[in-house]
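[1] predicted model and sequence below, questions to follow.
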Amino acid sequence: DQQVKQNSPSLSVQEGRISILNCDYTNSMFDYFLWYKKYPAEGPTFLISISSIKDKNEDGRFTVFLNKSAKHLSLHIVPSQPGDSAVYFCAASDWSNFGNEKLTFGTGTRLTIIP
Amino acid sequence: DTGVSQNPRHKITKRGQNVTFRCDPISEHNRLYWYRQTLGQGPEFLTYFQNEAQLEKSRLLSDRFSAERPKGSFSTLEIQRTEQGDSAMYLCASSLNSGDTDTQYFGPGTRLTVL
């Protein structure tokens, strides 16, 4: 049972435009969400997180939006740069009960920025 | 380099052999995690330690798998009698559990190939 879903395996975006990566979850106990970026032959790199008490969090070019009623979150990258080309993973945890002890990851979306 | 390090980066072994991987976390991080990632999937949680105590093990961690963190610093993951289904990327992460935030930072992983 895939509790965190990233339904788009790949996404191509023109350089300078907005990239929007989507993530859905089914476990209503999840209350903390993270995005990681992964380059080939490297481990995932933490990008940005959001707790369920917020609906938006920004860090530079990266913004994460959370819609709790829809159990949906999205990562916006503006403007997109060639170095953003990577696989992006959405992850979730039941923070209030267990902290971030166990992250549940989606299957990833491969983002390609076209120069 | 003060990030999470893992050794070896690649391991090729024959079915039935034992293998051991090592993870060195970010110094002063009290939590250490092991994940496994197979092709086309996101990382899957295996186990985690708080200091030297192993606090949770996934049902993915069969009896052939054992993890230790004897002095609360580095950790080892051993797989006995390897099977072809064990072929995967094994990722280690560490975090500082401070009660307020607990972001996991990943190492580059050890890619295991079982022939």
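    Structure's in. What do you need? Numbers count the residues shown, from 1 in each chain, chains lettered A, B, ... in the order given.
[2] between the two ends of stretch B:42-61, how far is it?
    17 Å (CA to CA, to the nearest Å).
[3] now swap in stretch A:25-37 and tell me
    Span of stretch A:25-37 from end to end, CA to CA: 19 Å.
[4] what comes up buried for that stretch?
    Across stretch A:25-37, burial judged by 16 or more other CB atoms under 10 Å in any protein chain shown covers A:Tyr25, A:Phe30, A:Asp31, A:Tyr32, A:Phe33, A:Leu34, A:Trp35, A:Tyr36, A:Lys37. Heads up, the C-betas are built off the backbone N, CA and C, glycines and all.
[5] enumerate every residue touching the closest residue to chain B within chain A.
    At 3.0 Å from chain B, A:Phe105 is the closest residue in chain A, using CB to the nearest CB. Listed by CB atoms under 8 Å, 6 or more residues apart in numbering or on different chains, the contact partners of A:Phe105 are A:Val4, A:Tyr36, A:Phe89, A:Cys90, A:Ala91, B:Gly42, B:Pro43, B:Glu44.
[6] can you report how many residues lie near the last one?
    Applying the criterion other CB atoms under 10 Å in any protein chain shown, we find 18 residues in the vicinity of B:Glu44.
[7] A:Ser96 - that's part of a strand, no?
    No: read with DSSP: H, G, I helix; E, B strand; the rest coil, A:Ser96 is helix and lies in no strand.
[8] and it, how many neighbours does it have?
    13.
[9] OK, contacts around the closest residue to it other than its chain neighbours?
    Excluding its sequence neighbours, the residue lying closest to A:Ser96 (CB to CB, 6 or more residues apart in numbering or on different chains) is A:Asp31, at 5.4 Å. With contacts defined as CB under 8 Å, 6+ apart, the neighbours of A:Asp31 are A:Ser51, A:Ser52, A:Ser93, A:Asp94, A:Trp95, A:Ser96.
[10] and chain A, which residues reach chain B?
    By CB under 8 Å from any CB of the partner chain, the part of chain A that sits against chain B consists of A:4, A:34, A:36, A:41-46, A:49, A:89, A:91, A:95, A:99-108.
[11] which two in the contacts of A:Asp31 are spaced the farthest apart?
    Within the contacts of A:Asp31, two members stand farthest from each other by CB to CB: A:Ser51 and A:Asp94, at 11.7 Å.
[12] more crowded one of the two?
    Between A:Ser51 and A:Asp94, counted using other CB under 10 Å, A:Asp94 has the larger neighbour count: 17 against 14.
[13] for the more buried one, give me its contacts.
    A:Asp94 sits in contact with A:Asn27, A:Met29, A:Phe30, A:Asp31, A:Tyr32, where contact means CB under 8 Å, 6+ apart.
[14] what about 7 Å?
    Neighbour list for A:Asp94: A:Met29, A:Phe30, A:Asp31 [criterion: CB atoms under 7 Å, 6 or more residues apart in numbering or on different chains].
[15] again, but for B:Glu56
    The contact partners of B:Glu56, taken as CB under 7 Å, 6+ apart, are A:Glu101, A:Lys102, B:Thr47, B:Tyr48.
[16] compare those and tell me which is most surrounded.
    B:Tyr48 leads these on contacts (other CB under 10 Å) with 27 neighbours.
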